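Colleague: okay, sequence plus prediction incoming.
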Amino acid sequence: MHSFPRLSSTVLDATDARGLAEFYRALLGLRYRRGDEPGADGTEDEADWLVLVDDEGRRVASFQRVDELPRSTWPTTEVPMQLHLCFIVDDPSDLEPHRLRAEELGATVLRRSEEPEEVLYVLADPAGHPFCLYTQP
């Protein structure tokens, strides 16, 4: 293995992904990844997945639309906080060794996706929290 995976972005679930993305965009001075801007596809439909990037184009936060999401009651535990982590592996040849290592450490593979623009594993940590390991060719 050449390097360790690094955190790519934090993904926040939201019933209104665009609204939450706009909040963080304004709060943190970020911008949309090209193609994720409001109306980029010629419509104003609700987006299912959006990514905010910094001035260098690095992912900072992503937003995934869900049909319903109970509001967290933190600091009490009736409804825990909702999020998952995404880790990018820079060298595509390192993805499989890192997946195997995650499994050796107690992770479970939930899903594998091989889209041409990114190979992705969704895993669950030992406590059941989902996270992604992926690479881009």
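Modeller: Looks like it arrived, so ask away.
Colleague: who touches the longest helix along the chain?
Modeller: Longest helix of the chain, by residue count under DSSP state H: helix 17-28. Residues outside helix 17-28 that contact it (CB atoms under 8 Å, 6 or more residues apart in numbering) are 12, 14, 30-32, 36, 38, 46-50, 52, 60-61, 63-65. Every residue, glycine included, has its C-beta placed from N, CA and C.
Colleague: how does it look with 10 Å?
Modeller: 10, 12-14, 16, 30-32, 36, 38, 44-54, 60-66 (CB atoms under 10 Å, 6 or more residues apart in numbering).
Colleague: give the buried subset of the residues you listed as a PyMOL selection command.
Modeller: Of the contacts of helix 17-28, the buried ones go into a single PyMOL selection, burial set by 16 or more other CB atoms under 10 Å:
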select buried, resi 12+14+30+32+36+47+50+51+52+53+60+61+62+63+64+65
